[in-house]
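K.L.:
My questions are about this predicted structure, shown below with the sequence.
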Amino acid sequence: MMDRTVVDPGSVGVHPGRLEVLLQRVREDVERGPLPSAQVAVARNGHVVAFETYGDATPATRYITQSAGRPLLARS
């Protein structure tokens with residue numbers, strides 16, 4: 001099982017600026033766009049660098065992903 005402790009993105013080779021662009025885009029889509037809620041988890045080499053929940057969701061909220069969501073799910 002993967003450790004869910006959030007680590008500094010740069011420590012595992014994730015560009016902090018690019019990560020922030022992703023998180024800001026999701027945040028804006030929830031606050032001003034079509035999404036009522038969203039969760040984003042980003043990990044590299046088994047280390048979580050971001051786990052954010054936006055909108056009406058809680059960290060315990062689970063989403064059903066369909067075929068269209070497959071490109072968004074990846075394992076490094």
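P.N.:
That came through, no problem. Note that the coordinates shown come from a computational prediction; the quantities given were computed from them, not determined experimentally.
K.L.:
Show me where the protein has its strands.
P.N.:
37-44, 47-55 (DSSP state E).
K.L.:
Pull out the buried positions in the first one.
P.N.:
Same thing as strand 37-44. Using 16 or more other CB atoms under 10 Å as the test for burial, strand 37-44 gives 38-40, 42-43. Placement of C-beta: from N, CA and C, glycine included.
K.L.:
Report the contact partners of G10.
P.N.:
P16 (CB atoms under 8 Å, 6 or more residues apart in numbering).
K.L.:
State the distance from it to Q39.
P.N.:
Taking CB to CB, to the nearest Å as the measure, G10 falls 23 Å from Q39.
K.L.:
do the same with V48
P.N.:
To Q39, V48 is 12 Å away according to CB to CB.
K.L.:
same question, V49
P.N.:
Taking CB to CB, one finds V49 at 15 Å from Q39.
K.L.:
Return the residue spatially closest to the residue sitting nearest the centre point of the chain, with its sequence-adjacent residues excluded.
P.N.:
A centroid search over the chain (CA atoms, centre = their mean) returns V40, at 1.8 Å, as the residue closest to the centre. Nearest in space to V40, with sequence neighbours left out and distances taken as CB to CB, 6 or more residues apart in numbering, is E52 at 5.0 Å.
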